[in-house]
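Student: What would the 3D arrangement of this be:
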Amino acid sequence: MSMLEKDGVRQAVRDLYSRAAEAGCCGSTSCCSGPAPEVSQQLGYTSDEIGAVPEGANLGLGCGNPQAIAALKPGEVVLDLGSGAGFDCFLAARQVGESGHVIGVDMTPEMLSKARANAIIGGYRNVEFRPGEIEHLPVADNSVDVILSNCVINLSPDKPQVFTDAFRVLKPGGRLAISDIVATAELPEHIRRDMALHAGCIAGASLISELEGMLQTAGFVDIQISPKEESKAFIRTWTPEASVADFIVSATIEAVKPCN
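Tutor: Numbers count the residues shown, from 1 in each chain. Next up is the predicted model:
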């Protein structure tokens, strides 16, 4: 993919999620299957988690619940890639407590504004939101314990660089806890070239074997990518292109930065 094509993908994603932020819901995106609370319960969030954040923080975007595999501890530093309106950041803040810190990174100005407003409303003093691309994180080397992300890395036109920079910012022993869309078979060319399906969390999915290779090349160990076959039910609601569920699935992605 050329630099111009990569910029085109980023702009398409930015435009779509700008509209989602302004609408205050997920209705303008493919990766959505109904009202936000109902969608989030389908994705594995509990009613307690859904009710614990400020109204407007949960836009119903995502394809899983990275909190379920993160095993966050008090005092940890957490980074959320593509933090949107702040939903996962605010849930993480509850778990790491006042001694911990949560950083959300997003490239969409409207999402950043929404997240910062939600942080003020909720009184979250241990959460901050920074503008940036997930391929080039505005975060110091070796400074983060856990990286979360929910249905965002598939949107990147340069996934190897995402994992390389994630490795850079993690402390030795730090870990990834990611929910994302992965490909279980090669996507047809007409789907790959559809910019709307790319921005909608479908056309940019990489094969599981390719993701494993990217993570290994970046330096990660203890790599586990676990497809969730039940996710095909909500994926079918994302687009009239019903066949996409034959090629993609939601999965959890876990990996660790070695201690030496």
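Student: For Gln67, give me the pLDDT.
Tutor: Per-residue pLDDT puts Gln67 at 92.
Student: What is the neighbour count of it?
Tutor: By other Cβ atoms under 10 Å, 22 other residues sit near Gln67. From N, CA and C alone the C-beta is placed, and that goes for glycine too.
Student: how close does it sit to Ala12?
Tutor: 28 Å (Cβ to Cβ, to the nearest Å).
Student: CA atoms only for the helix or strand containing Gly213 - export them in PDB, please.
Tutor: In the assignment (DSSP states H and E), Gly213 maps to helix 208-218. Provided in PDB are the C-alpha atoms of helix 208-218 (Å, rounded to 0.1, in the frame of the first residue of the first chain):
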ATOM      1  CA  ILE A 208      -4.300 -14.700  12.100                       C
ATOM      2  CA  SER A 209      -1.000 -16.100  10.800                       C
ATOM      3  CA  GLU A 210       0.000 -12.700   9.500                       C
ATOM      4  CA  LEU A 211      -0.800 -11.100  12.900                       C
ATOM      5  CA  GLU A 212       1.200 -13.700  14.700                       C
ATOM      6  CA  GLY A 213       4.200 -12.900  12.400                       C
ATOM      7  CA  MET A 214       3.800  -9.200  13.000                       C
ATOM      8  CA  LEU A 215       3.800  -9.700  16.800                       C
ATOM      9  CA  GLN A 216       6.800 -12.000  16.700                       C
ATOM     10  CA  THR A 217       8.800  -9.600  14.400                       C
ATOM     11  CA  ALA A 218       8.000  -6.700  16.900                       C
END
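Student: For stretch 10-18, which residues meet the burial criterion?
Tutor: Arg10, Ala12, Val13, Arg14, Leu16, Tyr17 (16 or more other Cβ atoms under 10 Å).
Student: Strands of this protein, residue ranges please.
Tutor: 77-81, 101-106, 127-131, 144-150, 170-183, 221-228, 248-256 (DSSP state E).
Student: Generate JSON lines for the ones you listed, with distance to Thr164 as supplementary columns.
Tutor: As requested, those are exported to JSON lines (distance: least, Cβ to Cβ, whole Å):
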{"stretch": "strand 77-81", "distance to Thr164": "13"}
{"stretch": "strand 101-106", "distance to Thr164": "15"}
{"stretch": "strand 127-131", "distance to Thr164": "19"}
{"stretch": "strand 144-150", "distance to Thr164": "13"}
{"stretch": "strand 170-183", "distance to Thr164": "11"}
{"stretch": "strand 221-228", "distance to Thr164": "15"}
{"stretch": "strand 248-256", "distance to Thr164": "13"}
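Student: so where is the chain shaky, pLDDT-wise?
Tutor: 1, 4, 24-37, 241-242 (pLDDT under 70).
Student: What about the closest residue to Thr252 other than its chain neighbours, how many residues nearby?
Tutor: Once flanking residues are discounted, Thr252 sits nearest to Ser226: 4.8 Å by Cβ to Cβ, 6 or more residues apart in numbering. Here the number of neighbours of Ser226 (other Cβ under 10 Å) works out to 12.
Student: Run through the bridge partners of the residue nearest in space to the middle of the chain.
Tutor: Closest to where the C-alpha atoms of the chain average out (Cα atoms, centre = their mean) is Asn150, at 2.6 Å. Asn150 has these beta-bridge partners by DSSP bridges: Ser179.
Student: distance of it from Gly173?
Tutor: 23 Å.
Student: now do Ala68
Tutor: Ala68 is 21 Å from Gly173, by Cβ to Cβ.
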